[in-house]
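Participant: Only the shape, not the letters, is given here:
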DNA sequence: TGCGTTGTTTTGAATGATTCAAAACAACTG
DNA sequence: CAGTTGTTTTGAATCATTCAAAACAACGCA
């Protein structure tokens, strides 16, 4: 059945990353997958419904490990707690609401990655480029004009 | 003399922003101007040489006010303390060292604000776009290969 | 199948940048 | 120069995140 397939795929991805397969890791992977942009606390809440008693610290550990293994992507907008999402590998960017902190995906900008190559690298060995758009989300606009 | 001109210009800019002219504000403005990217603590240290006894809290207040008035620009890379710089108004971006947190300016790439228009705004009213490049700075590369 | 190694989770506490709140104070207006 | 309003100070609190050590479990190998 579908959930077993997801489970096995998750196991395989953990192994491929050289990580041991554990209940907390499977649960976190499942909690984040397809659920947008969740912070550690939200992940903890979700995971607890499957694994009551799991500690928030473990959720932090797991999220850290999964993000490092690139099974999850961490986004850390100024002014709010770090969020995690399951979309990895593509270079999509984010919209962040300046009012409520809501995060939305943006598929990569106008045509091709225009800003991804800076003019002068200042001696830096660049590994990634991050684009964040700031504004007010639909809900916040509706709420207060 | 030159320093008096700077001082008077700073006063004028504060007034233009509707802010009262105070010693802490002038000192912070001066401390940040032309000194790269400083965090609150570094600003505090610098300002104390002119204004011994100024509180760190005041530095936070002043930086907040000046950033809101756009006399300073705040940058807040994930994983380090917020920095402030005096270059405002232009849409330049930043290089951040993943190892030591050092920040360098990048003049905006292709012409003007290339990344400022996402394909789909998801209902957001976008006000700004932020581009951050992550990599290792020259010093960190030299230090450990 | 069982044991040891190594990596993971738990528990409990600490950290540190930033913010909150109220009182003392100073800049600007008239 | 006095009143009002905004600013600075003082002192404490917040909160996401990390540190450290002990308890525990997954996986490889015998």
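Facilitator: Thanks, I have it. Keep in mind the model is a prediction, meaning the values are calculated, not measured.
Participant: list the helices and strands the helix-or-strand element of chain A with minimal mean pLDDT packs on?
Facilitator: Within chain A, no helix or strand scores below helix A:2-16, which has a mean of 84 by mean pLDDT, DSSP states H and E. When contacts are defined as 3 or more C-beta pairs under 8 Å, 6 or more residues apart in numbering or on different chains; DSSP states H and E, helix A:2-16 sits against helix A:23-32. In short, each C-beta sits where N, CA and C put it, glycine included.
Participant: Next, the angle from the helix it packs on to helix A:2-16.
Facilitator: Interaxial angle, helix A:23-32 versus helix A:2-16 (axes from the mean of the first three to the mean of the last three C-alpha atoms, to 10 degrees): 120 degrees.
Participant: thought residue A:122 was touching residue B:102?
Facilitator: No - counting by C-beta atoms under 8 Å, residue A:122 does not reach residue B:102; the two are 9.5 Å apart.
Participant: where do the contact lists of these two overlap?
Facilitator: Taking C-beta atoms under 8 Å, 6 or more residues apart in numbering or on different chains as the contact rule, residue A:122 and residue B:102 both touch residue B:137.
Participant: Run a quick neighbour tally on the residue of chain A found nearest DNA strand C.
Facilitator: Proximity of chain A to DNA strand C (C-beta to the nearest atom of the strand) peaks at residue A:58, 2.6 Å away. Counted with other C-beta atoms under 10 Å in any protein chain shown, the neighbours of residue A:58 add up to 18.
Participant: doesn't residue A:89 fall inside a strand?
Facilitator: No - the assignment for residue A:89 (DSSP: H, G, I helix; E, B strand; the rest coil) gives coil, which keeps it out of a strand.
Participant: Name the nearest residue to it, ignoring sequence neighbours.
Facilitator: Nearest non-adjacent residue to residue A:89, counting by C-beta to C-beta, 6 or more residues apart in numbering or on different chains: residue A:70, 7.5 Å away.
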